[in-house]
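**Q** When you get a sec, could you give me coordinates for this:
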Amino acid sequence: MKTLFLFALLALANLCLFAQQPVGRPLSDLPRIDITAGMPLHFRSPEPIRYVDISNPAITHELTAANILCIRPGALPEGHQADEPAVVTIIAERFMAQYSLHFGHGLSSGDAVTDIEILPEHMVPVDLPAGITSSAQMRKNALDILALRFHKPLSRASSHGISLEIRKIYCIGEQVFLDIYIENSSSLPYHPEVFSLSLEDKKVSRATNHQSIPVPILWQLYPLRAFTRGMRNILVIDKLSFSRQKRLVLTMAEKQLSDRRVSLGIQYGDILRADTF
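**A** Just a heads-up that it's a prediction; the model follows:
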């Protein structure tokens, strides 16, 4: 009985010690990076960066691209010691990474680090909110769509030798994927500037009653570039519903001062009949 009591007491003591263990990583365990005032440092992320926080106000930052963070150490403000580390927190779609930044003592500009790749061992997994798809997953879905065959486009419009067509529409999760193709039958290269989507009234009785509601494009497979013959792309928007008195209008416009603009209407029925995988 006495042995059983001692065993229970030891088990309880171990449980209490375990409960008192700190949760998370201490500052001393973060990867250390020595920085120099005035020398920019770039972090390369495998995913688009969603949020950045730096604990030292002397260090400014900007996103030079969706997946590249640039920090610029400045002069230390009053009250901050040179040997006091700063923490940079980088949150992407599926991970968080933290680094300990130290102003280097006597570090020459030639020895300063200017480029850091965020490695898997520096990442802490982060769960995406329900209904949100990562860019990597959207890219995989888009490439799967490109590999599929189609019979004829759902709709097509042409203007000034430029044709725009919707080949297929797919619903995957909470997103709608638009498989589009642009054809240039003119002798001039086409320099597209932007894709835009909006909800428009099918019938406009008076201009004052016309409603146009922008629909944001969440992601597209390929960046816009000049082409001479044809280009295929995948656009992704959030799943949406609208009345049959409206239609979704996709517009593509050229960069320079040009009237080579093409608009194409997408009926709600086409979205309702969208394929899924």
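**Q** Now stretch 243-254: buried residues?
**A** For stretch 243-254, the buried set under the neighbour-count rule, 16 or more other CB atoms under 10 Å, comprises 246-254. No exception for glycine: its C-beta is placed from N, CA and C like everyone else's.
**Q** phi, psi of the closest residue in space to Q245 that isn't next to it in sequence?
**A** Spatial nearest neighbour of Q245, excluding adjacent residues (CB to CB, 6 or more residues apart in numbering): K202 at 5.7 Å. Note on K202: backbone dihedrals following degrees, to the nearest 10 are phi -70, psi -40.
**Q** Surely K202 touches S243?
**A** No - counting by CB atoms under 8 Å, S243 is not a contact partner of K202; they are 9.4 Å apart.
**Q** Mind checking which of the buried residues of stretch 243-254 land in helices?
**A** Judged by DSSP state H, helices contain none of the buried residues of stretch 243-254.
**Q** okay if I get those residues as a markdown table plus pLDDT and distance to S263?
**A** Output for the buried residues of stretch 243-254, formatted as a markdown table (pLDDT from 0 to 100; distance: CB to CB, whole Å):
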| residue | pLDDT | distance to S263 |
| --- | --- | --- |
| K246 | 86 | 14 |
| R247 | 89 | 11 |
| L248 | 93 | 11 |
| V249 | 94 | 6 |
| L250 | 94 | 7 |
| T251 | 93 | 5 |
| M252 | 91 | 8 |
| A253 | 88 | 9 |
| E254 | 85 | 13 |
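**Q** Sort out which one of those residues lies nearest L235 for me.
**A** L250 (7.8 Å; CB to CB).
**Q** just checking, the closest one touches R156?
**A** No - assessed by CB under 8 Å, L250 is found out of contact with R156, at 11.4 Å.
**Q** hey, what's in contact with both of the two?
**A** Here L250 and R156 have 164, 166, 264 as joint contacts, going by CB atoms under 8 Å, 6 or more residues apart in numbering.
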